[in-house]
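> sequence? don't have it. structure:
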């Protein structure tokens, strides 16, 4: 069982320090993640936000060594994952599970739902009777009737139902940390709300910690305790979710918030759209990486890269001229 | 029935053109698109009536499977071959469904353009950007190769692509997703269409790029005085960018109104549910979002009565037996089909 006590509430469940991830590509080596640090406590959700290509999914994958990060430390419940032997890692990984953006391609179309949800349990040595019971219990928890769905295959379900099945597969192992990589981006607004409520219920009932990755700040704002905003492989702002959303300190965070469509026809459409697109991570701009798109950039922004600097309790920003000080 | 108070002599609930104005740009009347499947007849579009005036932007909202994409495909004449289509599609007074196939294709290609959700599949990976952009104008407008190339450069500039001449020689995979969507918009504009249909054209993009593309579409629409149909599952996307919105459910329009009216005074329970499902950033964190229980109706096995009744919290006994029809609800062309409308009794 997951325990919230006895392990010292002061120690975060997940501690990531100076995480670096590089990939080799035809044009050279891309640094997808360049020194990212954050912590997630039990029962808490960290929302990791940024555009496609900012490295947020690379962070998620590096945590579970898919593949292992180039440098940096990942401590899960005090265990150092980056240097651990694969045999030991295998025993830790059931405690941290991932769900991905596209639920349909994440599920093997030829297997029955029962076997999909049971797979992790079988791998981790739960006996057969225990598996059947746990599969039924987990399916019920995600709002699916095991008698109706267990013997069917993914193709018979909608995207939202497939995402429930993916959540069930992850939750069957009773993880302590759930990494959600754009779990609702492919879903309709109405179905999105169902999946978000489901994740929220799992967190509340099981004291689950979550790393919730999304490009949509409106979604993240609702589910997160903390928000970290990533740009070109770096965290540019991190802090309490409400604070970051109400008073963004980084111009990029503000631009992301202004890009969220507001369901109110009388609301102004926000400032100018962010100019251009994410620069190539092969050649990140000199100095501040955001300066090429920043509406407030000054010449001096090209001189030095702004470090992530605390601007309040539990709040940091990497900007030479932050909007909030 | 509560007839509108305009002096409009034309029939129909639309607040239509005055007596001496030309016909609306697009008028769709009782359009149906039924697909025979192994399980039975799939009623993808089931009796849709809509009017779009020149220069206006109409939003079409609804969940996956509500028939919104099939509706615009049927209007464009690109419904699946096996589909049984009935009803009328009048564009600029011409009944497109009565034109011979070849003529209809020429007419549509020239005057109506479409931008799809996935720019990658709308572009041919082995064809340079130049040919994507010059094919239409050369075929439909009869431009020479050189003139078509100049036009292509202008189009790329208009959609905000830097270094257009260099881009013309590139292949789709050399561009980012946002750039590719700009190219498909440039392609759509190539023959100066009177109507642009954008089918979930920003759904696959990041919010930042989505805003850029939506701003771009709006600018182009104003500059060219073009009419636009914007299809999206996200009412937030349609909010500030449409004149009217039609909400679809189960292959039918269940509510249609000027955009401000739809948001402030919607009557249909489904519209209300769709609006409530949007995450509200003003509410405290971890608060549960409103969801719509159940699933959209099976378009092969539609029951009698209102199609939303099985999921509707306010359903009355008659909702599962009688079919509600679109009724006018004011003089701004607001129509809804609901026996138990919201906002009438419980709130002023």
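That came through fine. In this text the structure is predicted, and so the values were computed from the model without any measurement.
> Can you give the distance of the helix or strand of chain A with the lowest mean pLDDT from its chain's centre?
None of the helices or strands of chain A scores lower by mean pLDDT, DSSP states H and E than helix A:103-106, at a mean of 85. Here the centre of helix A:103-106 is set off from its chain's centre by 17 Å, with C-alpha atoms, centre = their mean, to the nearest Å.
> What helices and strands are in contact with that helix?
helix A:159-171 (3 or more C-beta pairs under 8 Å, 6 or more residues apart in numbering or on different chains; DSSP states H and E). For glycine as for every other residue, the C-beta is placed from the backbone atoms N, C-alpha and C.
> On the three-state scheme, residue A:310 is what?
On the three-state scheme (DSSP: H, G, I helix; E, B strand; the rest coil), residue A:310 is labelled strand.
> give me the number of residues near it?
11 (other C-beta atoms under 10 Å in any protein chain shown).
> excluding its backbone neighbours, what's nearest residue 173?
Picking chain A for this. Spatial nearest neighbour of residue A:173, excluding adjacent residues (C-beta to C-beta, 6 or more residues apart in numbering or on different chains): residue A:94 at 4.4 Å.
> try chain B instead
Once flanking residues are discounted, residue B:173 sits nearest to residue B:125: 6.2 Å by C-beta to C-beta, 6+ apart.
> can you give me the helices for the stretch 51-200 of chain B?
For the stretch 51-200 of chain B, applying DSSP state H, counting those that start in this stretch gives helices covering B:68-75, B:101-111, B:119-122, B:129-140, B:145-158, B:164-168, B:177-189.
> out of the ones you listed, which comes closest to chain A?
Closest of those to chain A is helix B:177-189, at 5.5 Å (criterion: C-beta to the nearest C-beta).
> so for the closest one, what's the average pLDDT?
Throughout helix B:177-189, pLDDT has a mean value of 91.
> One more: stretch A:168-179?
Mean predicted lDDT for stretch A:168-179 stands at 94.
> isn't residue A:98 right next to residue A:181, touching?
Yes. The pair residue A:98 / residue A:181 is scored as a contact, 6.4 Å apart, by C-beta atoms under 8 Å.
> between the two, what contacts are shared?
The contact sets of residue A:98 and residue A:181 overlap at residue A:60 (C-beta atoms under 8 Å, 6 or more residues apart in numbering or on different chains).
> Following the helix or strand hosting residue B:275 in sequence, what is the next regular element?
Element membership for residue B:275 (DSSP states H and E) is helix B:269-276. The element immediately downstream of helix B:269-276 (helix or strand, assigned by DSSP H and E) is strand B:327-328.
> Tell me how far that following strand lies from the chain's centre.
Using C-alpha atoms, centre = their mean, the offset of strand B:327-328 from its chain centre is 21 Å.
> for stretch A:21-39, same thing?
Put simply, stretch A:21-39 sits 17 Å off its chain's centre (C-alpha atoms, centre = their mean).
> Same check on stretch B:223-240?
How far stretch B:223-240 lies from its chain's middle: 8 Å, per C-alpha atoms, centre = their mean.
> which of the residues in that stretch are buried?
For stretch B:223-240, a neighbour-count test (16 or more other C-beta atoms under 10 Å in any protein chain shown) marks B:224, B:226-240 as buried.
> now stretch A:89-107
Under the neighbour-count criterion of 16+ other C-beta under 10 Å, stretch A:89-107 has A:89, A:93-103, A:106-107 buried.
> for stretch B:152-162, same thing?
Result for stretch B:152-162 [16+ other C-beta under 10 Å]: buried residues B:152-153, B:155-156, B:158-161.
> what is the rounded mean pLDDT of that stretch?
Here stretch B:152-162 scores 91 as its mean pLDDT.
> can you point me to the longest helix in the chain?
You didn't say which chain, so I picked chain A. If you go by DSSP state H, chain A has its longest helix at helix A:189-206.
> Oops, wrong one, chain B.
Using DSSP H, we find that the single longest helix of chain B is helix B:207-224.
> Now do that helix against helix B:177-189, angle only.
Interaxial angle, helix B:207-224 versus helix B:177-189 (axes from the mean of the first three to the mean of the last three C-alpha atoms, to 10 degrees): 20 degrees.
> Contacts made by helix B:207-224 with the rest, please.
By C-beta under 8 Å, 6+ apart, helix B:207-224 touches A:51, A:215-217, A:255-256, A:258-261, A:269-270, A:273-274, A:277, B:55, B:57, B:158-160, B:177-178, B:181-182, B:185, B:189, B:192, B:196, B:198, B:201-202, B:205, B:226-228, B:230, B:237, B:241.
> With stretch A:187-205 instead?
Under the contact criterion C-beta under 8 Å, 6+ apart, stretch A:187-205 has outside partners A:43, A:45, A:141-143, A:158-160, A:163-164, A:167, A:171, A:178, A:180, A:183-184, A:208-210, A:212, A:219, A:222-223, B:63-64, B:233-236, B:273-274, B:277-279, B:286, B:288-292.
> what angle separates the longest helix of chain B from helix B:145-158?
Using the same axes, to 10 degrees, helix B:207-224 lies at 120 degrees relative to helix B:145-158.
> which residue sits closest to the residue of the stretch 101-250 of chain A found nearest chain B, ignoring its sequence neighbours?
Using C-beta to the nearest C-beta, the point where the stretch 101-250 of chain A gets nearest to chain B is residue A:193, with a distance of 3.9 Å. Nearest residue to residue A:193, sequence neighbours excluded (C-beta to C-beta, 6+ apart): residue B:289, at 3.9 Å.
> That neighbour: what's it in contact with?
Listed by C-beta under 8 Å, 6+ apart, the contact set of residue B:289 reads A:193, A:196-197, A:222, B:277, B:279.
> quick check: domain ranges of chain A?
A:41-69+A:82-214, A:225-261+A:271-325 (automatic domain parsing).
> Quick check: which of those domains is nearest to residue B:33?
Residue B:33 lies closest, by C-beta to C-beta, to one member of those: domain A:41-69+A:82-214, at 20.8 Å.
> what helix or strand is whichever residue of the stretch 101-250 of chain B sits closest to chain A on?
Distances between the stretch 101-250 of chain B and chain A by C-beta to the nearest C-beta are smallest at residue B:236, namely 3.7 Å. Using DSSP H and E, residue B:236 maps to helix B:235-239.
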